[in-house]
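*Asks:* build the 3D model from these lines:
(one chain, ligands or ions: 1)
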Amino acid sequence: MIIRELTDGQALAISQESHADVAAQFAAHWGNGRIAPLNPYNSMLFGVVYHDSGHREMEAALAINPETGLPYNFRGAPPEVRNREADGLNSLWIRQRDPYAALVVSMHHTGLRKRRYDTLRMRRDGKVDPAPGDGETLGADNALTDLKDWQREAAETLGADDPATKRLLWHNYKMLQVFDLLSLHFCCDGYAGDELRPAVLEGVPVAADSDDTVDIHIQPLGGSRVRFDPYPFDTSPLEVGVIARKMAAQHAAAPEQAQAAYYKGGRCPIVWQIVS
Ligand SMILES: [Fe+2]
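*Replies:* Numbers count the residues shown, from 1 in each chain. The predicted structure is shown next:
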């Protein structure tokens, strides 16, 4: 669950699968004459859509943070609330339907604990997310070494020994970071108060068979319009939307009361217009 507190004392709650749907809207329209489209398109979209469905366990429990009177945010929840085991089970669920998508998603979750393997990062107000390490730069070799059990088997079955296949797999790992970071920017991290702030998504790969990257400048234009430069999508404007729940913090309330406030929360459609 993403919890974004508003300046009027209320908060927006966005489920992790809704965050994934925002990522999938960016993924579906990725690519144009300058930026390569996704390949394999359907596997990547399937993976993006379900990449965070392991959070369903945490969200179904709807644990309330006693400090905020709101459901726990996805960051900072205690381990017994966050339930990371569910991420592994979700990758296995994806694997039954699409092993390629499952491999990319499982690499993504391992990479979240390793600075996204020093690939993509979002720069805002002079700070980068994830913050750089002070040791070696992580990369494809670290990611492949981290594969365990079924992941290693899947990589072999999918032909990751072949240099071109391995290169495409690594490219697609990075593409999932692109869509995840873009979605997090619009669902929570990109806001200062109630307004979007400028950002730069650094290190965006241009194509699987190239080492070239671009830094995409994300510039709010007022309201919900945002300019991307260079523009990576196949249509402009691109409308991207999500349904959030608006609720007031339930300080000093019983958890059941806070849960009821979440269930009753008014649904708020949020639509951003992304333009070139
Ligand atoms: Fe995500």
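*Asks:* quick check, Tyr191 in contact with Pro198.
*Replies:* No - checked against CB atoms under 8 Å, the pair Tyr191 and Pro198 is beyond contact range at 11.9 Å. Where you see a C-beta, it was placed from the backbone N, CA and C, and this is true even at glycine.
*Asks:* which one's more surrounded, those two?
*Replies:* Tyr191 (17 against 14; other CB atoms under 10 Å).
*Asks:* how close does the most centrally placed residue in the chain get to the ion?
*Replies:* Geometric centre of the chain, nearest residue: Asp180, 2.2 Å, by CA atoms, centre = their mean. Separation of Asp180 from the ion (CB to the ion, to the nearest Å) stands at 4 Å.
*Asks:* so what's that residue closest to, chain neighbours aside?
*Replies:* Ala23 (5.6 Å; CB to CB, 6 or more residues apart in numbering).
*Asks:* host element of that neighbour?
*Replies:* Taking DSSP states H and E as the criterion, Ala23 maps to helix 16-28.
*Asks:* one more: Met175?
*Replies:* Using DSSP H and E, Met175 falls in helix 163-184.
*Asks:* now that helix, how far from the chain's geometric center?
*Replies:* Counting by CA atoms, centre = their mean, to the nearest Å, helix 163-184 is centred 12 Å from the centre of its parent chain.
*Asks:* so which bits of this protein are right by the ion?
*Replies:* Selection of the chain residues close to the ion by CB under 5 Å from the ion yields Asp52, Asp180.
*Asks:* what residues sit buried inside the lowest-mean-pLDDT helix or strand in the chain?
*Replies:* Ranking every helix and strand in the chain by mean pLDDT, DSSP states H and E puts helix 140-145 at the bottom, with a mean of 88. Counting neighbours by 16 or more other CB atoms under 10 Å, one finds that the buried residues in helix 140-145 are Ala140, Ala143, Leu144.
*Asks:* equivalent analysis for stretch 209-223, please.
*Replies:* For stretch 209-223, burial by neighbour count (16+ other CB under 10 Å) applies to Val214, Ile216, Ile218, Pro220.
*Asks:* run the chain-centre distance for it.
*Replies:* Chain-centre distance of stretch 209-223: 16 Å, with CA atoms, centre = their mean.
*Asks:* measure that stretch end to end?
*Replies:* 38 Å (CA to CA, to the nearest Å).
*Asks:* give me the contacts around it.
*Replies:* Stretch 209-223 is contacted from outside by 35, 164, 167, 185, 190, 195-206, 226-230, 232, 275, using CB atoms under 8 Å, 6 or more residues apart in numbering.
*Asks:* let's see 6 Å
*Replies:* Here stretch 209-223 makes contact (CB atoms under 6 Å, 6 or more residues apart in numbering) with 196, 198-206, 226-230.
*Asks:* identify, from those, the entry nearest to the ion.
*Replies:* Closest approach to the ion among the contacts of stretch 209-223 (CB to the ion): Leu201, at 14.7 Å.
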